[in-house]
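> heads up, no residue letters with this:
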């Protein structure tokens, strides 16, 4: 399991509803996460964070002694770890506020366990990808730290755009990423008219990661929609 | 208000017409009156008749009986002054003693113009002398001094016309001045009445001619404002209530969904228990969708959902929704096929991205909800002329014509103000309709060419711009 190291990350869950805490813990437990702590208030969370040193915080917005946005700002003062909001506040303005102050994701209750796990994994992959330089594919390995691909023992360098595209695909490994999201990852916001450039880059990435680029097995095309990176871990 | 000057014009016309009529009537009346007056001609006529009738005979001058009796009837005396002697050659019997018997030329001129000893005198010349009639004192007022410039008399018709015009002009000036004053006090009232239906608060100063009207308009405005406020308050309360309920359902539902989801994946359970867990997961997802929809539908209905409009690529939005579905559908029971023409990569619209994603999401979810056995869903983004559309269709069971007719035209029960016993449907399509309406677009529900259900969501392109 190349993402096994992500399951060792210390996760702090803050919610005033004990049943939710129990349930989230049981979901993460079942997924193999081994270091989980919970708190039911801002005060407890701050005390716990000082000793526990979490590497990911899952926060509710409405807490008995303050709100999750305030808590996040306090937690960020001591560590730059990622934060996921898991809340019943589904209003756009709450969502925008959460993202506005720098949250990594915002999930509205109710949710399916799989969705929660997926989002946590995506955040962890994005935040701690440097710790795991090797992403194993069927025919090769990607080393994000060195921005290179190792195929048959040969090191092939990735260009900046190829790196951006692969990183976006890896964050959502096993899932389709739309053409538009990939263009945005490579060329910034409102990337209109880059579809052909993207195809050219995808072709070059395939030449680097696939044994047979015309019959790709790791970087799959989903016609008209986007691409999917199949890692050994995501299969 | 346009009708006020119109009203004034109307009354000015009436005034003008009535002035002309009044003047014409006066002229007519004075004509009739003066014609009956004989204009003081009677004594002169009598003098002429007497002069004509007076005859010289051997026995001196004789006036026929007829004339004598006429003179007596009016108590008039008469003398005849001979041209050669300038003396009275004849007189009636009733000649007062104070009347002189001889005259000078200046006496004649004086009596012709005026009186003899207080008796109004009227003269008439005859062959050899002058007949003078003396009417009783104070029977006539003689006024033969005035004389007129010839031009004055020659221009009299023009002068009269000018005089009439001046009169009319004066009347108009008085009328317009009075009306301007009136208009000044009417204008705030008419403006107030005009603003009332626009719903803005109206206040008119309660003074002047129409203070009572102003008070009533102010009261009406107050009542309207208070009703508007009450209605808004009620709507806000209702939307808040729905938002509160949907918020409170989320936490317990999370626990149900979370544990059911775990049970569904638990390898230690029997297939039967797995099935049961799947049903719980499915049903709790339905509740979740309903809770989300209920909240959004009520906000859209009461205009409490702010629209965050921005230039967006409709193709990218639809693509993201489709990909999210494909990524979530683990069993592949509902494959989603992207049917958009490959050449159409960009279609810029001015929309709220989140709402539009929600609309397309609801359309796909709608196909899933109505096809228990699974179906293929097709999504096609099209741009034709100055509109673009997203068509979501499926090859599932579809709907009857009557049902499609009803979905297209009948109001949803949630926004219907009548009691309804019809079978109730979810809010998914209602929200799509509301979102389309909020963006100035429409939806059209029909049969899919693949045999199932079809919904086409149409949006106008900003300023009718063609697709890039």
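Arrived safely, thanks for sending. Given the structure is predicted, the values throughout are model-derived calculations rather than measurements. Numbers count the residues shown, from 1 in each chain, chains lettered A, B, ... in the order given.

> Write out the residues of chain A neighbouring chain B.
For chain A, the residues in contact with chain B (C-beta under 8 Å from any C-beta of the partner chain) are A:17, A:19-20, A:23-24, A:26-27, A:30, A:88-92, A:108-115, A:175-181, A:190, A:192-193, A:195, A:222-226. Where you see a C-beta, it was placed from the backbone N, CA and C, and this is true even at glycine.

> Can you list the low-confidence ranges for chain A?
Scanning chain A for pLDDT under 70 picks out the ranges A:1-3, A:132-133, A:234-235.

> where do the strands sit along it?
Using DSSP state E, the strands found in chain A span residues A:10-14, A:35-39, A:56-59, A:62-63, A:66-67, A:83-87, A:105-108, A:134-136, A:141-143, A:148-151, A:154-157, A:176-178, A:219-222, A:226-229.

> Chain B now?
Under DSSP E, chain B gives strands at B:55-57, B:60-62, B:77-82, B:88-91, B:115-116, B:119-125, B:129-134, B:309-313, B:336-338, B:348-352, B:377-384, B:387-394, B:442-447, B:453-460.

> still on that earlier bit, output the strands of chain A in JSON lines, with mean neighbour count and distance to residue B:71 appended to each entry.
Shown next, in JSON lines, are those (neighbours: other C-beta atoms under 10 Å in any protein chain shown; distance: least, C-beta to C-beta, whole Å):
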{"stretch": "strand A:10-14", "mean neighbour count": "23", "distance to residue B:71": "139"}
{"stretch": "strand A:35-39", "mean neighbour count": "19", "distance to residue B:71": "143"}
{"stretch": "strand A:56-59", "mean neighbour count": "25", "distance to residue B:71": "136"}
{"stretch": "strand A:62-63", "mean neighbour count": "18", "distance to residue B:71": "129"}
{"stretch": "strand A:66-67", "mean neighbour count": "16", "distance to residue B:71": "129"}
{"stretch": "strand A:83-87", "mean neighbour count": "24", "distance to residue B:71": "131"}
{"stretch": "strand A:105-108", "mean neighbour count": "19", "distance to residue B:71": "129"}
{"stretch": "strand A:134-136", "mean neighbour count": "18", "distance to residue B:71": "152"}
{"stretch": "strand A:141-143", "mean neighbour count": "21", "distance to residue B:71": "152"}
{"stretch": "strand A:148-151", "mean neighbour count": "19", "distance to residue B:71": "154"}
{"stretch": "strand A:154-157", "mean neighbour count": "11", "distance to residue B:71": "153"}
{"stretch": "strand A:176-178", "mean neighbour count": "24", "distance to residue B:71": "133"}
{"stretch": "strand A:219-222", "mean neighbour count": "16", "distance to residue B:71": "139"}
{"stretch": "strand A:226-229", "mean neighbour count": "24", "distance to residue B:71": "136"}
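
> rewinding a little: write the ChimeraX selection for whichever of the residues of chain A next to chain B are buried.
Of the residues of chain A next to chain B, the buried ones go into a single ChimeraX selection, burial set by 16 or more other C-beta atoms under 10 Å in any protein chain shown:
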select /A:17,20,23,24,27,88,89,90,108,109,110,111,112,113,114,175,176,177,178,179,180,181,192,195,222,224,225,226
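
> Inside helices: which ones of the residues of chain A next to chain B?
Within these, residues falling in helices by DSSP state H are A:19-20, A:23-24, A:26-27, A:30, A:92, A:113-115, A:179-181, A:195.

> Show me the one of the strands of chain A that comes nearest residue B:444.
Residue B:444 lies closest, by C-beta to C-beta, to one member of the strands of chain A: strand A:176-178, at 26.4 Å.

> For the stretch 1-150 of chain B, which residues score under the pLDDT cut-off?
Applying pLDDT under 70 to the stretch 1-150 of chain B flags residues B:1-4, B:37-41, B:144.

> now the helices for it?
B:3-37, B:42-53, B:65-73, B:105-113, B:150-154 (DSSP state H, counting those that start in this stretch).

> Noted, bye for now.
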